[in-house]
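Trainee: build me a model:
(2 chains)
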Number of protein chains: 2
Amino acid sequence: MEFSSTLLENAVNEFARLPGIGKKTALRLVLHLLKQDTAMVQHFGETIIKMRDEIKFCIRCHNVSDQEMCSICRNPMRKQEMICVVENIRDVIAIESTQQYSGLYHVLGGIISPLDGIGPDQLNIETLITRITTENTQELIFALNPTIQGDTTIYYIQKKLPRADIRVTTIARGIAFGGELEYADEMTLARSLQNRVPVGNFIT
Amino acid sequence: MEFSSTLLENAVNEFARLPGIGKKTALRLVLHLLKQDTAMVQHFGETIIKMRDEIKFCIRCHNVSDQEMCSICRNPMRKQEMICVVENIRDVIAIESTQQYSGLYHVLGGIISPLDGIGPDQLNIETLITRITTENTQELIFALNPTIQGDTTIYYIQKKLPRADIRVTTIARGIAFGGELEYADEMTLARSLQNRVPVGNFIT
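Mentor: Alright, predicted model coming up:
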């Protein structure tokens, strides 16, 4: 692409560095911003810079936060004895959006994946063990993606647990709501048969 | 979507305002930026703000420019007697990318479209007429989209031309390169028959 303006070209290149945004989309975004007020574009840029500069990670659960401890950990209404272990921040947002969970979280920052060179030491597992030791944790819910790596991570953490009196669960794996049985893979179908629930349980 | 951080939420909202970017994509972009260096994100924001603050529009052809006159208008190697009339900046970039055109441009900033409330007065038509009067223009090439509005705009400008000795052309309309004849609409096919070219002309 040939540009008659270096300013335009630089802006397009910056946008094109973002994941999933090619040169053509970047140009469309930049030309859109070009049509906006200077003040609006200034606000756009400053909000992004401020976000990166000032965002913190919760010292307790490693979730993104505006303060030392995130709003979920600071909320006394949340069940302090439940910890939901997730891979990343996006999972926290997804679970929070269901408005069905009222416990705490622990963000691992990844899952154990030897092929990608990610071992337990790179993840926030040590801090999880410390939390379970010092906090009054009663249940640990693993909400990891149903993959070999996810299962390995669950297995590893379970072996490391400092107390035996904790209930360890994982989110149900089965046929998705609205999903078609015939298109489900065997693994999912097999597990959903194994973990079948009494009919009364889901008619609530 | 529920966020545990206002900083994150604000950044996501800013991205989600851009055309074609929903909340989920915005979140993906923001989380990507969160993983980058502070300096890199600072550079991203500042480049966008700088672009909007400092960009100018060429006083001659209305193309985007870093200076009073754009790099195409300032280039003495370009054929000064040819003006290609386009709807917007994106069209200039598209034509420049072909590296086949060495004349000048004139960006109308839109096309005549009474239904959208866009009349000739909102477009850069007056300055085009002035250019033709004062400059040594020999050929005017219309590279507008082949729509009723495009044709109306061509007709309007042609009627306004101050001199009769200018060659007025429009880019060829026909079957796209690699396009299938049977899927072409009748209008395109009819025009491509009307404007048929001797075979020698395109075997170059």
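
Trainee: quick check: longest strand of chain A.
Mentor: Looking across chain A with DSSP state E, the single longest strand is strand A:79-86.

Trainee: can you tell me the strand partners of that strand and which way each runs?
Mentor: With DSSP bridges as the test, strand A:79-86 is paired with strand A:103-107 (parallel), strand A:139-142 (parallel).

Trainee: give the next helix or strand downstream of it.
Mentor: For strand A:79-86, the following helix or strand on the C-terminal side (DSSP states H and E) is helix A:89-98.

Trainee: for that following helix, buried residues please.
Mentor: Within helix A:89-98, the residues scored as buried using 16 or more other C-beta atoms under 10 Å in any protein chain shown are A:89, A:91-93, A:95-96. Heads up, the C-betas are built off the backbone N, CA and C, glycines and all.

Trainee: list just the nearest of the residues you listed to residue A:153.
Mentor: Of all the buried residues of helix A:89-98, residue A:153 sits closest to residue A:91, with 12.9 Å by C-beta to C-beta.

Trainee: what about the closest one, distance to residue A:173?
Mentor: When distance is defined by C-beta to C-beta, to the nearest Å, residue A:91 is 15 Å away from residue A:173.

Trainee: kindly report the same for residue A:36.
Mentor: The spacing between residue A:36 and residue A:173, counted by C-beta to C-beta, is 45 Å.

Trainee: mind listing residues that contact stretch A:88-104?
Mentor: A:60-61, A:63-64, A:72-73, A:77-84, A:86, A:105, A:107-110, A:139, A:141, A:143, B:1-4, B:27, B:31 (C-beta atoms under 8 Å, 6 or more residues apart in numbering or on different chains).

Trainee: then that stretch to CSV, C-alphas only?
Mentor: The C-alpha trace of stretch A:88-104 is given here as CSV (Å, rounded to 0.1, in the frame of the first residue of the first chain):
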residue,chain,number,x,y,z
ASN,A,88,-6.5,-16.2,32.1
ILE,A,89,-8.4,-13.0,32.6
ARG,A,90,-10.7,-13.6,29.7
ASP,A,91,-12.1,-16.7,31.6
VAL,A,92,-12.8,-14.5,34.6
ILE,A,93,-14.8,-12.1,32.5
ALA,A,94,-16.6,-15.0,30.8
ILE,A,95,-17.6,-16.6,34.2
GLU,A,96,-18.5,-13.2,35.7
SER,A,97,-20.8,-12.5,32.7
THR,A,98,-22.9,-15.6,33.7
GLN,A,99,-23.7,-13.9,37.1
GLN,A,100,-23.9,-17.5,38.5
TYR,A,101,-20.7,-17.6,40.5
SER,A,102,-20.1,-15.7,43.8
GLY,A,103,-16.8,-17.1,45.0
LEU,A,104,-13.2,-15.9,44.4
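
Trainee: tell me how far that stretch is from the chain's mean position?
Mentor: 8 Å (C-alpha atoms, centre = their mean, to the nearest Å).

Trainee: now stretch A:125-137
Mentor: 20 Å.

Trainee: what does stretch A:66-75 give?
Mentor: With C-alpha atoms, centre = their mean, you get 16 Å for stretch A:66-75.

Trainee: what do you get for stretch A:137-144?
Mentor: That offset, for stretch A:137-144, works out to 15 Å (C-alpha atoms, centre = their mean).

Trainee: distance between the ends of that stretch?
Mentor: By C-alpha to C-alpha, to the nearest Å, the extent of stretch A:137-144 from end to end equals 19 Å.

Trainee: ok, residues contacting that stretch?
Mentor: A:81-87, A:91, A:95, A:103, A:111, A:131-132, A:150-151, A:153-154, A:157, A:161, A:166-171.

Trainee: quick check: buried residues in that stretch?
Mentor: Buried residues in stretch A:137-144, counting neighbours by 16+ other C-beta under 10 Å, are found at A:137, A:140-144.

Trainee: tabulate those residues (a markdown table), appending distance to residue A:124 and pLDDT.
Mentor: Output for those, formatted as a markdown table (distance: C-beta to C-beta, whole Å; pLDDT from 0 to 100):
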| residue | distance to residue A:124 | pLDDT |
| --- | --- | --- |
| A:137 | 15 | 91 |
| A:140 | 14 | 92 |
| A:141 | 16 | 92 |
| A:142 | 14 | 91 |
| A:143 | 15 | 91 |
| A:144 | 13 | 89 |
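
Trainee: ranking helices and strands of chain A by mean pLDDT, which lands last?
Mentor: helix A:199-202 (a mean of 60; mean pLDDT, DSSP states H and E).

Trainee: can you name the residues in contact with the longest helix out of those in chain A?
Mentor: As assigned by DSSP state H, the longest helix anywhere in chain A is helix A:38-54. The contact list for helix A:38-54, computed with C-beta under 8 Å, 6+ apart, reads A:33, A:66, B:7-8, B:10-11, B:14, B:17, B:30, B:33-34, B:36, B:38, B:41-42, B:44-46, B:48-49, B:51-53.

Trainee: list buried residues within those residues.
Mentor: A:33, A:66, B:7-8, B:10-11, B:14, B:30, B:33-34, B:41-42, B:44-45, B:48-49, B:51-52.
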